[in-house]
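>>> Sharing a model that was predicted from the sequence below.
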Amino acid sequence: MAAISSISRTKTPIRGFPVYVSKSRSGNGHASFFRRPQIQAAKFSAAVSREQQNRREESMSVDTLQRFLDLNVGRWNGSLFQFDYKGNLLQKVTTKLVASSYGEDELISLIQTLYIRQPPASTSISGVDPEPEWAEYKIKETNMFTVDKYLQIEFFPKERAFTLRYQTAGMLDYVLRQGVLGEDDTGEESPKNLKLPSRQPSVVCENCLYSQDKDMRARAFHIMDPKGVLEMLLIFIEEKGHGVTLLPSLENSKDSTNRLVPFLGRWKGHSIRKRSGVYGATIAEAYTVALLEIDEKGQVIQDITSTTSDGDITTNVRWRGCIYENLVTFDGGFQITLLPGGMYMGCPCDVAKNVAESKSFHLEFCWLESPGKRQRLVRTYDAEGLAVSSTYIFETKI
């Protein structure tokens, strides 16, 4: 986030999506309350209790990581779809992902190798149908060290969803080069007819949602350029198995102008918010009611009400916006790109502006896999541009 976090900031009220940021305490935060020698025994007892608690948390952390690995292990056949910020399909690349694990307890690791189908080279013999060539990419191992330091994974085990970050877009750059150019790639920075992600993007965020009906998943990537503006959107649609699968296509369809229609109406659901980190505890659960409609003036109205599970706090956010083709832009500085396949991806119109004005922001991925049911995954960042929490929402239309 260095590309945007260094921008000067002016304090302004935070508006838009409600954000809850927990304040951390130092490890010796209670030491100032112990003033007499006879309290030393109590301090020692408290230290022992903390150590025991830390051991329990470590055990739970290993268990959570193991569940994350189990969810990802296997052979995943699929395709990568690249869209511009307006939702227009740019490229489609066939991929295979093979994931396995090794080690035990705190030494467990996830190994992933991505295979990218290359197009025939320009030097191929005319009239001959060559066997497809596959390029190989080794993904950085996932283990107890990398999940927090590099990936900053936030994992929802029961809901089968997770979100994580990448420090660069190197993997996606490689997939596009090999899948579109193949052996004809000369290594130039801006190849003709191929849009590549920036070398130094300000944000690379992956939101992953698993199908509730099939052994299938959608991994959606937001890529923001160095200035904090949405550069492109990429989605892997993958199904687990060894055979040839018929995955839903995200290629442009004739009804692309009606991509908003499936999301219109009133939605009722339940949300779970967790603080940053794969082992982050649940901050809060809430009941949600979301309304999306078009008024008589043609404006898009989004109204979201969230009530905590204990009923003590209710929050309402109402936005007005306009739609042009497949891009919805709201007055609050938030935009939604409507995609094929019952999906949309949302982000600020200008992340750098949010950071400069000390405003929090969020990135969202929504998947309406079947009519009347949808999943949403929201990753929230604070005014410094650092990920602080993620929220999973499941909703049904009422």
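On my side now, so go ahead.
>>> Now do the strands in the stretch 101-250 of the chain.
Counting by DSSP state E, counting those that start in this stretch, the stretch 101-250 of the chain has strands at residues 109-117, 134-143, 154-156, 161-165, 203-210, 216-224, 230-240.
>>> which secondary structure elements does the second one contact?
This means strand 134-143. helix 40-72, strand 109-117, helix 170-176 (3 or more Cβ pairs under 8 Å, 6 or more residues apart in numbering; DSSP states H and E). Placement of C-beta: from N, CA and C, glycine included.
>>> Extract the C-alpha set from it and format it as PDB.
Output of strand 134-143 as PDB, limited to C-alpha atoms (Å, rounded to 0.1, in the frame of the first residue of the first chain):
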ATOM      1  CA  TRP A 134       1.100 -25.500 -20.900                       C
ATOM      2  CA  ALA A 135       3.200 -22.900 -19.100                       C
ATOM      3  CA  GLU A 136       3.900 -23.400 -15.400                       C
ATOM      4  CA  TYR A 137       3.800 -21.000 -12.500                       C
ATOM      5  CA  LYS A 138       4.800 -21.800  -8.900                       C
ATOM      6  CA  ILE A 139       2.700 -19.900  -6.400                       C
ATOM      7  CA  LYS A 140       4.300 -18.800  -3.200                       C
ATOM      8  CA  GLU A 141       3.800 -21.400  -0.400                       C
ATOM      9  CA  THR A 142       1.000 -20.800   2.100                       C
ATOM     10  CA  ASN A 143       2.000 -21.500   5.700                       C
END
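>>> Where does the prediction get shaky in the stretch 101-250 of the chain?
For the stretch 101-250 of the chain, the stretches flagged by pLDDT under 70 are 124-128, 243-247.
>>> One more pass at 80, please.
Applying pLDDT under 80 to the stretch 101-250 of the chain flags the ranges 122-130, 148, 242-249.
>>> what's next to stretch 292-305, contact-wise?
When contacts are defined by Cβ atoms under 8 Å, 6 or more residues apart in numbering, stretch 292-305 is touched by residues 260, 263-265, 267, 288-291, 314-323, 328, 330.
>>> How far does it sit from its chain's centre?
For stretch 292-305, the distance from its own C-alpha centre to the chain's C-alpha centre is 26 Å (Cα atoms, centre = their mean, to the nearest Å).
>>> Just the contacts of stretch 292-305: which are in strands?
Judged by DSSP state E, strands contain the following of the contacts of stretch 292-305: 265, 267, 288-291, 314-323, 328, 330.
>>> Going through those residues, which ones are buried?
Burial by neighbour count, 16 or more other Cβ atoms under 10 Å: within the ones in strands among the contacts of stretch 292-305 this picks out Trp267, Thr288, Val289, Ala290, Val317, Trp319, Gly321, Ile323, Val328, Phe330.
>>> In CSV: these, plus distance to Pro119.
Below are these laid out as CSV (distance: Cβ to Cβ, whole Å):
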residue, distance to Pro119
Trp267, 41
Thr288, 44
Val289, 47
Ala290, 42
Val317, 45
Trp319, 42
Gly321, 39
Ile323, 35
Val328, 34
Phe330, 39
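>>> of those, closest to Tyr392?
The closest of those to Tyr392 turns out to be Thr288 (Cβ to Cβ; 11.2 Å).
>>> What residues are bridge-paired with that closest one?
Gly269, Ser306 (DSSP bridges).
>>> Mind pulling the model confidence for it?
At Thr288, the predicted lDDT confidence score is 98.
>>> and Lys353, helix, strand or coil?
helix (DSSP: H, G, I helix; E, B strand; the rest coil).
>>> Now do the same contact list for the residue positioned nearest the centre of the chain.
Geometric centre of the chain, nearest residue: Asn207, 2.1 Å, by Cα atoms, centre = their mean. Each residue near Asn207 by Cβ under 8 Å, 6+ apart is listed here: Ala161, Thr163, Arg219, Ala220, His222, Leu363, Glu364, Phe365, Leu377, Arg379.
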